[in-house]
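[1] how would this look folded up:
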Amino acid sequence: MSSVLGAIIATLITVPYIVFFIVNKSVYKLTGKRKKAFKTGTDFTTFFLFIAIERMSVEIWGQSYYWVLILLFLTGCLLFTLFIWKNDIELSVGKILTLNWRLQFLILSFGYFLLMTYGIIDRILEI
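    Now for the predicted structure:
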């Protein structure tokens, strides 16, 4: 049983967009709201993208660059804090974290496809 669960988790980490489609379809079936389903799907997928990119960097370069991902997340929080503060919008931690989490989805999606392409080309040229 644990090997089946491990295989499922490994698959979801390797291909995090499976999580997006599963969560998106499930929330849409439950609520009937496309926007809520999309946002919930991106929120869940972002967590799996963090792990996928970290594992891909270990596979490609042999060492973890998790500190870069944490620094990227903290920089996003700082930028959103400054943006909200300068525009005199109500400053709340929840709003900052939500906006940053969704920004991280976009950045990490780009990074995921970039690393995937680089890894495939690197493995082809290595042979």
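[2] Ignoring the adjacent residues along the chain, who's closest to the residue positioned nearest the centre of the chain?
    The C-alpha lying nearest the average C-alpha coordinate of the chain belongs to residue 46 (CA atoms, centre = their mean; 2.5 Å). Spatially, and ignoring its direct neighbours in sequence, residue 46 is nearest to residue 105 (4.5 Å; CB to CB, 6 or more residues apart in numbering). (Each C-beta comes from the backbone N, C-alpha and C, glycine too.)
[3] likewise residue 58?
    Of all residues not flanking residue 58 in the chain, residue 64 sits nearest, at 5.3 Å (CB to CB, 6+ apart).
[4] buried set for stretch 63-79?
    69, 72-73, 76-77 (16 or more other CB atoms under 10 Å).
[5] In the protein, mark out all the helices, start to finish.
    2-14, 17-31, 34-61, 66-86, 93-126 (DSSP state H).
[6] helices and strands around the shortest one, which ones?
    Judged by 3 or more CB pairs under 8 Å, 6 or more residues apart in numbering; DSSP states H and E, the packing partners of helix 2-14 are helix 17-31, helix 34-61.
[7] average model confidence for that helix?
    Mean pLDDT, helix 2-14: 86.
[8] Next, the angle from that helix to helix 17-31.
    Between the axis of helix 2-14 and that of helix 17-31 there is an angle of 100 degrees, by axes from the mean of the first three to the mean of the last three CA atoms, to 10 degrees.
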